[in-house]
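Chemist: Kindly return the folded structure for what I paste below:
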Amino acid sequence: MQEAYLMPSSPAGGRRTSADYRPSIKKAQGHVPACLVNASVTYCNNDRIYAFGGFDQYTDEVYNHVLRLDLETLQWELVDNYGDIPGVRMGHTATLYQGDKLIVFGGENEHRDYLSDVVILDLNTFTWTLPEIRGSVPRGRARHAAVIHEDKLFIVGGVTGEKNDILDDLTYLDLQTWTWSRTWSFTARFDHTAWVWGTRLWIFGGLGPNMERTTDIWWLDLKGSPSLAGNLTPQGSVDSLDVNLSSTHLPDSVSSSPHQMSPRSGTYAANSGSVQVRNLSRRKQLAPGAISCLRFNSGPQVPSLFSGTHFHSFASGVLLDLITPSETVRSHDCNLSALELNSLRWQRMADGQEIFRPGYRWHYCTVNDTGTKAWLLGCSLSVTDIPGGGDDNHMSEVLTIDLEKYGLSVETPAQDSTWPYDQTGPSQTSGLGADLAAVFDQPESTSGTDFIITAIRDDHEGSVVDDAGDMPDVSQSETKPTFVEPSPWTSEPIHVHRIILQLRWPHFKRLYSAQMAEYHTKRMHIPEPYSVVRAFLYYLYTDSIFGPPDCSASVIDVAGMLVMANLYDLPKLRLLCVNRLSRELDVDNAAIVWERAGRTNEHWLMRRAAQFCLSYWGRVVRTDGFKSLSHQSLIQLCEVVDTEGRIIAGPELEMVTLGNDLGDRDKGSRLRLGSTTDEMSELEADDEGMEIS
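Modeler: All right, here's what the predicted structure looks like:
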């Protein structure tokens, strides 16, 4: 797998730097298409771009034309195509598969119906075919994101319905069996970008439920999830699926045929590209696998995500963000930035005036398969370019950007390279981390430590001494390092190096620079349990939340470290903690993880832990972790239960148990532990489910 690296431009070897490089704009010829809205524009190798469908805002027409742009000759050509030609549409996706096929899914037709059909264009013969689709077809949608990984077409988000509901759906089509998976809940988004890198499904950009542009990046770990990697049993029978036949425009043949209907305009209905239409009243489970999210607020390198027209493209380990000029955004307000996925840090690659010339508008952006070149398709706004007026109604201009000129270099990484946030278990530290680990919490005489940190003894976890000597609850308070006199509840000292804390802990650096009491006493007290504080300090030394037995952090400790990472604004530690907590949820720690996730506004982790608690409620309420929650937290957790939820007991429990004793004991146990009728119907209808623990 190729991976992109950002390298500073250098004039060595005669190579031009970005300072003397300016992308060229050339005029395309031939059958130049209109500046279509929500068409699919796909780079398809051999320097060819294919455009399909879209809406012409000047003629109010929706198209199903196939056009090809030769990037060498800059000639647009209207392609003759054959077979099961799909109907007109916009807001669909066209994804390149096996190098010579375009897989088109969904979109919106001229009647504003949302589609859910799958059509394939062979780029060798330009023949459309309809695969025989099985499984429960997802809701029709437009302006979603699609990406292919390991012969699976993943569909994420989009809009649907009369009110343009924003979907949080995640589903995939197995391209070997042409079977749809079940549908999970991920995050609500549309007009976004999705890609797979490092065994993770990523999404970025677009608009969220509040119709505002988002500034966060989400990723779902696909590795080790049977639901995302396993072989689903083909579901070709209508009897085994959820079918909604309430739509009056469904043809009579729908109820008896499991195959796709013809996607030609006017011969099929919205949300019925094939027989199965999901029961929309059923609650979806969260997507399987660890989910993480990072929000970018502001910074010198972070692009202005709330202004301008943004184009996002993934290029082998780097997400490119290109802000283009518009009527309200000038060139000097634009830029080309890159997000390095290895470090999750933005880097400014070029300013807008280095790339853009005034007098042009850009509508589409596409990047080649190596991630070294990008092409913008747009039009000239000058009335002198074309007799009779401007050319703002056609994609007649092509801006070619050589990304290597701005320091984007593509190399092949080592086969054993891993993402730094993908720690799944204890590992041996190496290099500087191993050297620092060897001197962590060692006596001053042998390691040169010059600072002492104390915490709360583990047998008094969650409490701190007040002025009256009592032990008040601080489960809802913030962790503030303070200087206190030793007390019976103070832990044994942890010996550390002041210089390491100054370099690795910004809060400590500010505190020490202000010459607070800790500066003079060389001692600090952190009102958190000793095991949490020691694991936190070990992370500062090694960048790891795993360690040797005497420093190893339990899941409860990691939950405490998540609170500290949130308080001290340590994003890398936060990501490591969320990743591990989502993987290691169990009955004993689920309640505590739920509470800590709520305190740190980790909403996805909070929902996942709450779902786990409900599924194993009878066991969770008997754990020490549940009993340690504050009164307010206990009430909030109980209120997570659906308002119609009830405990199954007595004769009903016996009937449920008896009904599941014949060959499905695991499902029966899950039903007995379930607490809501929605969850029970979910399990009955589709037991393929999510692996929670």
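Chemist: and residue 381, how many residues sit next to it?
Modeler: The number of residues packed around residue 381, counting by other C-beta atoms under 10 Å, is 15. (Glycine included, C-beta is placed from N, CA and C.)
Chemist: my bad, should have said residue 20
Modeler: Around residue 20 there are 10 other residues, counting by other C-beta under 10 Å.
Chemist: And it, how far from residue 337?
Modeler: According to C-beta to C-beta, to the nearest Å, residue 20 and residue 337 sit 21 Å apart.
Chemist: Repeat that for residue 321.
Modeler: In terms of C-beta to C-beta, residue 321 sits 5 Å off from residue 337.
Chemist: okay, now the domains of the protein?
Modeler: The chain breaks down by automatic domain parsing into domains covering 1-30+296-413, 72-214+216-295, 432-584, 605-693.
Chemist: What score does residue 2 have for pLDDT?
Modeler: The model reports residue 2 with a pLDDT of 52.
Chemist: go on, the one 5 residues further on?
Modeler: In this prediction, residue 7 carries a pLDDT score of 48.
Chemist: Was I right to think residue 135 contacts residue 172?
Modeler: No - contact status for residue 135 versus residue 172: not in contact, 10.1 Å apart, counting by C-beta atoms under 8 Å.
Chemist: Neighbour count: the two, which is higher?
Modeler: Counting neighbours by other C-beta under 10 Å for residue 135 and for residue 172 shows that residue 172 has the greater number, 28 against 24.
Chemist: Test my guess that that one contacts residue 228.
Modeler: Yes - assessed by C-beta under 8 Å, residue 172 is found in contact with residue 228 at 7.3 Å.
Chemist: Could you name every residue contacting both of these two?
Modeler: Taking C-beta atoms under 8 Å, 6 or more residues apart in numbering as the criterion, residue 172 and residue 228 both touch 152, 181.
Chemist: What ranges does the stretch 451-600 of the chain have for its strands?
Modeler: 451-456, 494-496, 523-529 (DSSP state E, counting those that start in this stretch).
Chemist: what about the chain, any weak spots by pLDDT?
Modeler: Scanning the chain for pLDDT under 70 picks out the ranges 1-19, 224, 229-283, 383-392, 409-435, 445, 460-487, 547-552, 649-693.
Chemist: So which residue is smack in the middle of it?
Modeler: Relative to the mean C-alpha position of the chain, the nearest C-alpha, by C-alpha atoms, centre = their mean, is the one of residue 218, at 2.3 Å.
Chemist: What strand or helix carries that one?
Modeler: Applying DSSP states H and E as the criterion places residue 218 in strand 216-221.
Chemist: ok, back up a step: compare residue 321 and residue 337 (neighbour count), which wins?
Modeler: Set side by side, residue 321 and residue 337 show more neighbours around residue 321, with 23 against 20, by other C-beta under 10 Å.
Chemist: my read: the more buried one touches residue 338, true?
Modeler: Yes - if you go by C-beta under 8 Å, residue 321 and residue 338 touch, sitting 7.3 Å apart.
Chemist: any shared contact partners between the two?
Modeler: residue 346.
Chemist: ok so, going back, what residues do residue 321 and residue 337 have in common as contacts?
Modeler: Taking C-beta under 8 Å, 6+ apart as the criterion, residue 321 and residue 337 both touch 303, 346.
Chemist: all helices of the stretch 401-550 of the chain, in order?
Modeler: Assigned by DSSP state H, counting those that start in this stretch, the stretch 401-550 of the chain shows helices spanning 432-438, 444-447, 498-504, 506-513, 517-521, 530-542.
Chemist: hey, C-alpha coordinates of the fourth one in PDB?
Modeler: The reference is to helix 506-513. Taking C-alpha atoms only, helix 506-513 is exported to PDB below (Å, rounded to 0.1, in the frame of the first residue of the first chain):
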ATOM      1  CA  PRO A 506       1.700  21.900  28.600                       C
ATOM      2  CA  HIS A 507      -0.300  22.400  31.800                       C
ATOM      3  CA  PHE A 508       2.800  21.600  34.000                       C
ATOM      4  CA  LYS A 509       4.900  23.900  31.800                       C
ATOM      5  CA  ARG A 510       2.600  26.900  32.400                       C
ATOM      6  CA  LEU A 511       2.300  26.100  36.100                       C
ATOM      7  CA  TYR A 512       6.000  25.900  36.500                       C
ATOM      8  CA  SER A 513       6.700  29.000  34.500                       C
END
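Chemist: Could you list the buried residues of that helix?
Modeler: Within helix 506-513, the residues scored as buried using 16 or more other C-beta atoms under 10 Å are 508, 511, 512.
Chemist: residue contacts, the nearest residue to residue 223 once chain neighbours are set aside?
Modeler: Excluding its sequence neighbours, the residue lying closest to residue 223 (C-beta to C-beta, 6 or more residues apart in numbering) is residue 199, at 4.2 Å. Shown in contact with residue 199 (C-beta under 8 Å, 6+ apart): 221, 222, 223.
Chemist: Residue 199 and residue 150, how far apart?
Modeler: Distance of residue 199 to residue 150, computed by C-beta to C-beta: 10 Å.
Chemist: for residue 353, same thing?
Modeler: Remark: distance between residue 353 and residue 150 (C-beta to C-beta) = 42 Å.
Chemist: Of these two, which one has the most company?
Modeler: The neighbour comparison of residue 353 against residue 150 (other C-beta under 10 Å) goes to residue 353, with 16 against 13.
Chemist: right, and that one touches residue 333 too?
Modeler: No - taking contacts as C-beta under 8 Å, residue 353 lies outside contact range of residue 333: 9.7 Å.
Chemist: now the contacts of residue 199: which count as buried?
Modeler: For these, a burial check counting by 16+ other C-beta under 10 Å picks out 221, 222.
Chemist: Tabulate the contacts of residue 199 (a markdown table), appending distance to residue 594.
Modeler: Converted to a markdown table, these look like this (distance: C-beta to C-beta, whole Å):
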| residue | distance to residue 594 |
| --- | --- |
| 221 | 20 |
| 222 | 25 |
| 223 | 25 |
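Chemist: which neighbours do residue 135 and residue 172 share?
Modeler: Both residue 135 and residue 172 are in contact with 180, 181, where contact means C-beta under 8 Å, 6+ apart.
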